[in-house]
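**Q** Attaching a predicted model along with its sequence, questions to come.
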Amino acid sequence: MQIETFVLCHAATDSGRGQLNVLGTFDMLFARQLPAVQAQCAIALRMRFERSERREHQLAISIVDADGTKLGPAPDIKVPVNFPDQLTSHAFNFIFNLQQLRFEHFGEYAIGVALNGDHQMSLPFSVREMPQQQQQQGGPPQDWPKIDPSQRG
């Protein structure tokens with residue numbers, strides 16, 4: 001198995017024909033205060049399996065803070081990997097839409113992906129306090145992801 005794409009983004013879709021569409025990848029969120037809640041975002045994952053790996057697999061996604069504390073329940077799904085014999089490999093897309101993701105503190109976080117109980121990859125990201133100057137100007141530059149203060153938990 002090979003991970004071809006693994007990103008945190010604003011949104012993602014699967015065309016149904018194997019095309020993964022990703023909008024706005026990022027690795028940093030800015031918040032004015034804590035606790036902060038990210039109203040919506042997505043984890044987009046594209047994995048390629050070889051012919052010899054055709055069977056059911058367990059896929060787990062977890063989000064942890066710098067101390068290893070999990071943020072909410074970790075999705076754990078059964079993935080039936082099957083494709084025609086004439087193909088030597090095939091890619092599968094997975095999209096995890098996250099809503100109301102709550103952060104209790106600023107700092108480093110990571111999204112982990114495991115297959116059949118074996119950790120495959122981690123994707124680091126951080127939650128930062130919005131700089132004072134940007135707060136006074138109404139927030140970070142438009143292209144920086146930010147947590148809406150009205151979404152506080």
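**A** Structure received. Please read these numbers as outputs of a predicted model, since none were measured by experiment.
**Q** Am I right that Ser52 falls within a strand?
**A** No: under DSSP: H, G, I helix; E, B strand; the rest coil, Ser52 falls outside any strand and is assigned helix.
**Q** what's the pLDDT at the most centrally placed residue in the chain?
**A** When Cα atoms, centre = their mean is applied to the chain, the residue found nearest the centroid is Ile43 (2.7 Å). Note on Ile43: pLDDT of 96.
**Q** Bridge partners for it, pull those for me.
**A** Counting by DSSP bridges, Ile43 is bridged to Leu8, Phe96.
**Q** Please name the residues that touch it.
**A** For Ile43, the contact set (Cβ atoms under 8 Å, 6 or more residues apart in numbering) comprises Phe6, Val7, Leu8, Cys9, Ala12, Ile61, Ile95, Phe96, Leu98, Ile111, Leu123. Where you see a C-beta, it was placed from the backbone N, CA and C, and this is true even at glycine.
**Q** next SSE after the helix or strand that contains the first one?
**A** Put plainly, it is Phe6. Element membership of Phe6, judged by DSSP states H and E, is strand 2-14. Reading on from strand 2-14 to the C-terminus, the next helix or strand found by DSSP H and E is strand 20-25.
**Q** which parts of that next one are buried?
**A** Buried residues in strand 20-25, counted by 16 or more other Cβ atoms under 10 Å: Leu20, Val22.
**Q** Specify the angle between it and strand 2-14 in degrees.
**A** Between strand 20-25 and strand 2-14, the angle comes out at 80 degrees (axes from the mean of the first three to the mean of the last three Cα atoms, to 10 degrees).
**Q** what's the spacing between strand 20-25 and its chain's center?
**A** Strand 20-25 has its average C-alpha position 11 Å from the chain's average C-alpha position, going by Cα atoms, centre = their mean, to the nearest Å.
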